[in-house]
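Asks: Build me a model:
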Amino acid sequence: MLRSKLSSSLSALSLVCLMLTMSQVGLIGSEEPDSRFNELEMEAAPLFASSPGHTVFGEYVGAHWCGPCMSSASPSLNNLKTSNPEDFTYISFFQGSGTGWPSDSIGSSGSRRDHVMGASSGYPTFSFADEQAGSCYKVGAGGTNFYDNDFSSGGCMAPSSSDFSMELSTSLDSSGEIVTTDLTVTYLGSLPTVSVYVYAAVTEHSGAENYDDGYKPHHVWRSWLLNTNDDGFEQLILSPGNPSELSWDKPLTTVRAAGGNTQYENFWPVIALMDGPHSTYNSFYAAVDLDMAPLVDIGISDFIIEGNPGFVQGDNLLLRSTLRNNGVDSYSEGGNIDIYYLNGPEEEYLGGATIRSNLATGSTQSISVNFDTSSIEVQPSGTSVFRARLSGLEGDRVASNNYLDVSGLHDLPPIPSKPTAVSSPNVNRGSTVQFEVSAIANDLVDTMDSMYPSLQYSKSNSGLWDDTWLDVPEIIGNGGNSRYLYTINTELNSEVGSYDLRIMWTDAGGQSSQWLESNNAFILQNSVPVIYSSSSNEYAGMPTVKVDTDESVSIIGLINDAETPLQMLEISSDDPGFISWDPINLEINVRFSQVVRDSHGNPLPQGIYFNVDDGDDVNSGLILFNVIFPSLPMSIKIVVNPSNVYGVNCSSSIENFQSRGFCASEIQIFSPS
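Replies: This next block holds a predicted model:
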């Protein structure tokens, strides 16, 4: 048991509150205290009310539609409880919009709500310590710290409150259905005996029904914890130094989850001691709830599969779990941490350990367990769940962190998809063809970034697979649209015909898929000879030839073949203008018999249709020629004079003129017009 005593400067009343958590399991080793420990989160900072030095108890009646209830009374009570959690507790009898007023009668007597409202004429009504008059009895409210002064003044509790010690704890059974509330009361006074009645109720720490403005009430009454006859509060006859113990079992469903609390965290017993039965107005000695002791919270802070969380059947997994003391005191009350494999609805125990003694605040404890996955049948996109779970804790307040699951991902080989041609799959030898490839990861481990393809090609039905023509693939696209792009660079001397592809994928774990074959994925065809025209970038221009003349014209820039050397081409024509093909000099020999003119007398181009054969295919096309007349001989104009008229000596070059008595004085050479 944990005990908490108020300081000697306060009342000698000792209040101890414990919670026992559900039986749960887990594994442990030891580590030093974690210096990063943080205080638990709290609600908005409350307005502070000074403590009277002892516990104070009160009862509240309010309704969801009541304006002062939602704007003042309920916020004031919650503020007072938040600022003085170890000194103040209360119970709310609340009319919910769905459930109405609670059925809070005890035995055959009237309801406790009517008991509180005895002197009241309206809502909200609040009574400190069963009072019906004076400052401890409040009708109406204003502000958000309406009850602080009366609390600090003592809350009208009996003066002998320091004569009693109370210890409270709860625990949830292994079925998760029944909550046991345990109470130990010890009389510390000097009287031989004293009679007390145990006012005990289960409340919702955070009410499951709101006020109309959305504000949530707290400590909402749900059920009484009565005597064995179920007709009144339990009576105890106490003597000094002899503890008396009480225990009640209630279904967890007595309360509802709300306000961020789980159903178990919302199970909130409130207990007080008074000097008379429920049917009378009494003096109250002391009170206790689960806040009135140091927080005990042992929780699992981490649970991982070390290394890659994906596994192949037969792998050994290292499961590591860490628990932490999130409470405000050291923990030495025992308990276990266990690790399980969840095989359908069943938990298969894998290992565990006992929580060590004196687990300091903020410190941690870890364990590791090896698990052989040979018995697990892996499934596509499947997972196996493992659980770390605490059990046997004493006084633990927070049940939601007593277990933690982690998933081991089934790692399977990828499933390849059929390669897709980016453009036409019919390509000429010596050119390129591109294919996009992708795969289905088939698990939750891999993505396209962690898988890599292997592509091969083969002449159809030959089974001779190769990858010589392939560039290194590049990944394109993003996320679910990512895939790899392969470029296949064919060669000029490759064999024409259909080609098959096959693809295989390997994932990050080294697992490879089966080969997926794609028959007749692309066709490699011969590149036919080309006869250029004026629209081609490679065109050398229209050749000019003379009429009635044997002309030799180079085919460079007129005829080409991407695969075949030009010397190996066969060039022919049935046109009478074609004479022959000279493969050595790469020239065609032609002769045109006339110059063809248009109506204006302008010469027109003349064409010859050629057949070009590269040994596989024949292509035909027209080559145009500019046909012109040949150049005429040069004319000579001679200006002559009679011989020696001007004393000019005739040279031997013009003896023929001298013979006629003339001598050339001027010679002009020109072309005829």
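
Asks: Show me where this protein dips below the pLDDT cut-off.
Replies: Applying pLDDT under 70 to the chain flags residues 1-47, 293-294, 632-673.

Asks: So what are the structural domains in it, by residue number?
Replies: The chain breaks down into these structural domains: 18-30+55-289, 298-410, 415-525, 530-628, 635-670 (assignment by automatic domain parsing).

Asks: Adding distance to F48, write those domains out as CSV.
Replies: Every C-beta, even on glycine, is put in place using the N, C-alpha and C of the backbone. Listed next are the domains of the chain as CSV, based on distance: least, CB to CB, whole Å:
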stretch, distance to F48
domain 18-30+55-289, 5
domain 298-410, 19
domain 415-525, 51
domain 530-628, 90
domain 635-670, 127
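
Asks: Which among those domains is found nearest to A49?
Replies: domain 18-30+55-289 (3.7 Å; CB to CB).

Asks: is it true that V530 touches N619?
Replies: Yes. The pair V530 and N619 passes the contact test of CB atoms under 8 Å, sitting 7.0 Å apart.

Asks: got CSV for the domains of the chain, with distance to A49 and mean neighbour count too?
Replies: Formatted as CSV, these follow (distance: least, CB to CB, whole Å; neighbours: other CB atoms under 10 Å):
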stretch, distance to A49, mean neighbour count
domain 18-30+55-289, 4, 19
domain 298-410, 21, 18
domain 415-525, 54, 16
domain 530-628, 94, 15
domain 635-670, 131, 12
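
Asks: what about the longest strand in the chain?
Replies: In the chain, taking DSSP state E as the definition, the longest strand is strand 194-206.

Asks: Name the strands paired with it and say parallel or antiparallel.
Replies: Applying DSSP bridges to the sheet, strand 194-206 is found paired with strand 218-224 (antiparallel), strand 234-238 (antiparallel), strand 267-274 (antiparallel).

Asks: Going along the chain, name the helices of the stretch 151-300 of the chain.
Replies: Counting by DSSP state H, counting those that start in this stretch, the stretch 151-300 of the chain has no helices to list.

Asks: Quick one: the strands in it, in order.
Replies: For the stretch 151-300 of the chain, strands defined by DSSP state E, counting those that start in this stretch occupy the ranges 164-172, 178-187, 194-206, 218-224, 234-238, 244-251, 267-274, 284-289, 298-305.

Asks: Which one of those lies nearest to S83?
Replies: strand 218-224 (13.5 Å).

Asks: That closest one vs strand 284-289, what angle?
Replies: Counting by axes from the mean of the first three to the mean of the last three CA atoms, to 10 degrees, strand 218-224 lies at 100 degrees to strand 284-289.

Asks: Residues touching strand 218-224, excluding its own?
Replies: Residues outside strand 218-224 that contact it (CB atoms under 8 Å, 6 or more residues apart in numbering): 74, 77-78, 81, 89-94, 102, 104, 106, 112, 200-209, 250, 254-255, 268, 270, 289.

Asks: CA-only coordinates of that strand in CSV, if you can.
Replies: Provided in CSV are the C-alpha atoms of strand 218-224 (Å, rounded to 0.1, in the frame of the first residue of the first chain):
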residue,chain,number,x,y,z
HIS,A,218,-17.5,16.5,-12.8
HIS,A,219,-17.9,13.9,-10.0
VAL,A,220,-21.3,13.0,-11.5
TRP,A,221,-23.1,10.5,-9.3
ARG,A,222,-23.7,7.0,-10.9
SER,A,223,-24.2,4.5,-8.0
TRP,A,224,-24.1,4.0,-4.3
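
Asks: Next one: the residue lying closest to E538 once chain neighbours are set aside from L624, what distance?
Replies: Closest residue in space to E538, ignoring its immediate chain neighbours: Y532 at 5.6 Å, by CB to CB, 6 or more residues apart in numbering. Separation of Y532 from L624 (CB to CB, to the nearest Å): 11 Å.

Asks: Could you do I271 as well?
Replies: Counting by CB to CB, the separation of I271 from L624 is 114 Å.

Asks: go on, Y349?
Replies: Using CB to CB, Y349 is found at 93 Å from L624.

Asks: Ok, L238 next?
Replies: The value you get for L238 to L624, if CB to CB is used, is 127 Å.

Asks: one step back: list the contacts for the residue nearest to E538?
Replies: 538-540, 557-560.

Asks: just to revisit the earlier point, could you dump the strands paired with strand 194-206 into a markdown table with distance to Y484 added?
Replies: Shown next, in a markdown table, are those (distance: least, CB to CB, whole Å):
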| stretch | distance to Y484 |
| --- | --- |
| strand 218-224 | 60 |
| strand 234-238 | 76 |
| strand 267-274 | 57 |
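
Asks: what's the closest of the ones you listed to N589?
Replies: strand 267-274 (110.3 Å).

Asks: and the nearest residue to F371 once chain neighbours are set aside, what does it touch?
Replies: Once flanking residues are discounted, F371 sits nearest to L317: 4.7 Å by CB to CB, 6+ apart. If a contact means CB under 8 Å, 6+ apart, then L317 has 305, 311, 370-371, 373, 386, 408 as its contacts.

Asks: what about 7 Å?
Replies: Contacts for L317 (CB atoms under 7 Å, 6 or more residues apart in numbering) come out as 305, 311, 371, 373, 408.

Asks: Reformat the residues you listed as TSV; add secondary structure.
Replies: Below are those laid out as TSV (DSSP: H, G, I helix; E, B strand; the rest coil):
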residue	secondary structure
I305	strand
F311	strand
F371	strand
T373	helix
G408	strand
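
Asks: Widest-spaced pair of the residues you listed?
Replies: Farthest apart among those by CB to CB are I305 and T373. That separation is 10.7 Å.

Asks: May I have the secondary structure class of T322?
Replies: Looking at T322 with three-state DSSP, the answer is strand.

Asks: partner residues bridging it?
Replies: D302, S366.

Asks: That one against I367, yeah?
Replies: No. Using CB atoms under 7 Å, T322 makes no contact with I367, being 8.2 Å away.

Asks: Fine, thanks again, bye for now.
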